[in-house]
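[1] sequence and predicted structure are below.
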Amino acid sequence: MRHTRPAAVVLALTLLLTACSSGGQQPAAVGRPVSGGSLTWAVEIEPITFNPHQYAQAKARLLVWNTFEALLGHDSQGGLVPWLSTGHQVSADGMTYTFALRTDVTFTDGTKFDAAAVKANIDQFFVEGYNPAVLAVQLRNLDRVEVVDPATVAFHLRQPDVLLLDFLSSPQGAQVSPKSLKEAKNLKAGGPELAGTGPFILDRYTAGQEVHFTKNAAYNWAPANAGHSGAAYLDEITYRFLKESSVRVGALTSGQVQVIEGVPATDEPLITANPQLSLSLSRGLNSGSAYSYYFNTTHAPFDDIRVRRAFREAVDVDAVLTGVYRGSATRAWSVIGPTSPFYDKTLEKTYGGDAAEANKLLDEAGWTARDADGFRTKDGKRLTVRLVQSAPFVRDRRDVLAQAVQAQVKQSAGIDLNIAVVDQGTATQALADGQYEVFDNSRADTDAGAALNLLLHSGGAINRTGFTDPALDKLLEQGRAGTDQAQRQAVYQRVQKLAITDQALILPLYAPADQIAASRAVGGLGFEPTAGVPGSAYHLWVSK
Amino acid sequence: MTRAIARRIASGAVVLWAAATAAYLALLAAPGDIVDSLIGDGADTPQVRAQIIAEWNLDRPAVVQYLDYLWRAAQGDLGRSYLLQRPVGEVIGDQLPPTLRLAVAAAAFGVVLALVLAVTTRRRWVRGVSSTAELIIVSTPPFLIGIVLLSVFSFRFGIFPVSGDQSWAALVLPAVTLGLPIAGVLAQVLRDGLDRALDEPFAVTARARGLTERAVLVRHALRHALIPAVTVLGWLTGVLLGGAVIIEQVFGRPGLGQVTLQAVGNGDMPVVLAVVVLAAAVFVVINTAADLAYLLIDPRLRRTTS
């Protein structure tokens, strides 16, 4: 007994520590993995396309990696690891990226994976209308792809761009069989007619209902950090599209599906407070940018930095998050998500939640009078700021969150936050016409730098703050061009300090997360390293 | 007779054209343009815009696009979905059968339940109870009915599966959810009709001939009560199509409802137009069937129309 007790404590501590460091990657350890069996998983979103090159929904990412693979994968520290490649080299001038490819990989339609296949995939993006957004952003600096020999491929750039590597590890950079690219009838829609190299084969898609995968028995090229090798454990897996969260939870608790993702905070007690159901719940923080409010600096009142600061001080983010998400949300302090290697931890607790300061700043800015409703005014004009949300993109109860912020800024500082949840067309129009003062957004890019280029660069496609600063642009360009991780880290720290502390352009709110709930009979559940979204089915198994 | 049929077909074609045109104008008038919708919250650069415009020929004047659409639709080419990147005919063709199954099952359930309710609840207090229950069902959102039915019969007792279109068992709960409000309205209409018919002289005559009350009800009065019920058939089509949008979402069923919702939200013009034209076509067919049903139910109408 004397010996077992410390041992037990050590074991418990180890479990606790591993659970923390891995972000709760293995929630339901049920012995050793076994092969065989099938599984049904209820997902929230039905992908609008199964062609990885057209990928645009973070919620569809877990499906992509079942059928397709990329040249590079991620480790849990945000670094890159070889996947369909065996290594890569960057020329001294940063203009040429040369990849050595695996030679033992075959697409599920029998086509060999080689340098010509990689070239065919990239060349496909240069077909007019195939995916102009990727061409304009991720492949902006790519000049051409060269087949050096069957096992070597070189990417020649027009100017140094380290984000090429992020692209080659993203779903859009996934490798599709060149035969499919040539022959598929509905190439952009994807589906069973597109062959990949992944551990599963998409063999049946019933729109509005489910998508079904069977094991790729020939699969034997898992990346080194996958944890196991050879074919997947499961023989088949079905993902059912259940858009209503209460229906997903009901389907799980009644045993009709074994795994669900997308568990709202309000439904968590149904799963955690019911021990006889043998369910487990785990959460993974997403990569990319935090869900934040961006202040439109192009016109009043947020052209005045004091008003921007005041808005931030007027919101007690912790109280708002607790109210809306019951403690299940992780507060964000920077525009970059807390799991990114570029995240600047020193920003934490440096601002926010000081109503007295908010009122002082607004007084200084001239918003001194109050109208009958208690809102501040200046020259007879009410301090109104508008947030326009596009209904199709409202998730995680962000509309409710906005209402909580609305109540806070009204009460603590007399700011009138006007919220409109509208259709996509109306939202785009409002943004194009500058008819907004607050813009909300989160992005799931695996390299946070990719998100910052779009959000903060003066030429960024979604720069909604309208803030332009040559120094900031220069920093972002350095971050894009640099291949040295430590140097990029330093650059992005300066970017965050400039945007968050010096200019108060952004109010970061929370770090988007994904939740998985599952029957304890399911093993191998976890989140994709770095991206933080539910992982592919390669690791999953069912105990018999 | 052939002239009557020709007139029907011509007026049907006009309805289809009017429906397509109205939907086209409505989408045109909606804020934001198609390029905005296609970009979504993705990268918005001039090159991206130019490519999308080129891909879908959106640089032509709206009138030209409209005429081109009509011309191709008349030849059976409904175009490609902007969002799903597949031919619209294929998208609709895939999703039509499950919706049809749901609609037919729901309509059958609703009609049968309404007939049973109207005929069996003649006693004062029973009809009071039934009538109140019908009103409650009609005023409850189908979404809620679906969730309640799911919680009880699927999550609690596991009798029916929650989702999909794999088996007849999976059709039961959605069909009941969609059919209940139909039964509620139809039962009220039928009951009113029965009340009126039973007050008419022919009912007195029938009773005088020694028929039982039940025989008077089923053989004579019901026929009269059916006329107003048939009139609401057109309304029924609307309820079935509109209801399918919600029911399919709650039950994770494939079908046109989901496709329509997504297409409207994303300004997927070709799909929206195809759905509108399809709905209009169904409407025309149902109304024609209703007109024929009048003749079948009421012999007096046959004499006057010839």
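    Arrived safely, thanks for sending. Numbering: from 1, shown residues only, chains lettered A, B, ... in the order given.
[2] when you work out contacts or count neighbours from here on, use the C-alpha atoms and nothing else.
    Noted.
[3] okay, buried residues for stretch A:131-144 please.
    Neighbour-count burial for stretch A:131-144, counted by 16 or more other CA atoms under 10 Å in any protein chain shown, picks out A:131, A:132, A:133, A:134, A:135, A:136, A:137, A:138, A:139, A:141, A:142.
[4] can you tell me which of those is closest to residue B:212?
    Within these, the smallest distance to residue B:212 is 74.4 Å, found for residue A:131 (CA to CA).
[5] ok, now which ones touch residue 179?
    Went with chain A since none was named. residue A:111 (CA atoms under 8 Å, 6 or more residues apart in numbering or on different chains).
[6] wrong chain, I was asking about chain B
    B:105, B:106, B:107, B:108, B:109, B:110.
[7] select only the buried ones of those residues in PyMOL?
    Buried residues within the contacts of residue B:179, by 16+ other CA under 10 Å, are selected in PyMOL with:
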select buried, chain B and resi 105+106+107+108+109+110
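[8] for the contacts of residue B:179, which two are the farthest from each other?
    B:105 and B:110 (8.5 Å).
[9] how about residue 193: what's its closest non-neighbour residue?
    Because you didn't say which chain, this covers chain A. In space, residue A:193 comes closest to residue A:184 once its chain neighbours are excluded; the distance is 5.9 Å by CA to CA, 6 or more residues apart in numbering or on different chains.
[10] that's the other chain; I wanted chain B
    Counting by CA to CA, 6+ apart, residue B:193 lies nearest to residue B:225, which is 4.0 Å off, once chain neighbours are set aside.
[11] any figure for the gap between that neighbour and chain A?
    Using CA to the nearest CA, to the nearest Å, residue B:225 is found at 40 Å from chain A.
[12] correct me, but that residue touches residue B:199?
    No - using CA atoms under 8 Å, residue B:225 makes no contact with residue B:199, being 12.0 Å away.
[13] these two: which has the busier surroundings?
    Per other CA atoms under 10 Å in any protein chain shown, whichever of residue B:225 and residue B:199 has more neighbours is residue B:225, with 22 against 11.
[14] just the element for that one, please.
    Assigned by DSSP states H and E, residue B:225 belongs to helix B:222-231.
[15] show residues contacting that helix.
    B:186, B:189-194, B:196-197, B:290, B:293-294, B:297-298.
[16] show the buried residues in these.
    B:186, B:189, B:190, B:191, B:193, B:194, B:197, B:290, B:294.
[17] so residue A:94 lies in a strand, does it not?
    No - counting by DSSP: H, G, I helix; E, B strand; the rest coil, residue A:94 is not found in a strand; it is coil.
[18] for it, which non-adjacent residue is spatially closest?
    The spatial neighbour of residue A:94 that comes closest, neighbours along the chain excluded (CA to CA, 6+ apart), is residue A:160 at 4.9 Å.
[19] quick check on that neighbour: phi, psi?
    phi -50, psi 130 (degrees, to the nearest 10).
[20] any idea how far residue A:136 is from it?
    Remark: distance between residue A:160 and residue A:136 (CA to CA, to the nearest Å) = 16 Å.
[21] quick check, residue A:225 in contact with residue A:75.
    Yes - with contact defined as CA under 8 Å, residue A:225 and residue A:75 form a contacting pair (7.2 Å).
[22] which SS class is the closest residue to chain B within the stretch 101-250 of chain A?
    Nearest residue of the stretch 101-250 of chain A to chain B, counting by CA to the nearest CA: residue A:208, 3.8 Å away. Taken by three-state DSSP, the conformation at residue A:208 corresponds to coil.
[23] contact partners for it?
    Counted by CA under 8 Å, 6+ apart, residue A:208 has contacts A:46, A:241, B:252, B:253, B:254, B:255, B:258, B:259.
[24] again, but for residue A:286
    Contacts for residue A:286 (CA under 8 Å, 6+ apart) come out as A:337, A:339, A:444, A:511, A:512, A:513, A:514, A:530, A:531, A:532, A:533.
[25] per-residue pLDDT, residue B:117?
    Per-residue pLDDT puts residue B:117 at 90.
[26] and the gap between it and residue A:513?
    If you measure residue B:117 against residue A:513 using CA to CA, the figure is 50 Å.
[27] residue A:437: how many residues sit nearby?
    26.
[28] give me the pLDDT for it.
    Per-residue pLDDT puts residue A:437 at 97.
[29] hmm, residue A:296 and it touching each other?
    Yes - applying CA under 8 Å, one finds residue A:437 in contact with residue A:296, separated by 4.8 Å.
[30] common neighbours of these two, please.
    Common neighbours of residue A:437 and residue A:296 (CA under 8 Å, 6+ apart) are residue A:302.
[31] buried stuff in stretch B:12-22?
    Neighbour-count burial for stretch B:12-22 [16+ other CA under 10 Å]: B:12, B:15, B:16, B:17, B:19, B:20, B:21.
[32] hmm, I typed the wrong one, I wanted stretch A:175-188.
    For stretch A:175-188, by 16+ other CA under 10 Å, it's A:175, A:176, A:177, A:178, A:179, A:180, A:181, A:184, A:186, A:187, A:188.
[33] so the third one versus residue A:122, what's the distance?
    For residue A:177, the distance to residue A:122 (CA to CA) stands at 12 Å.
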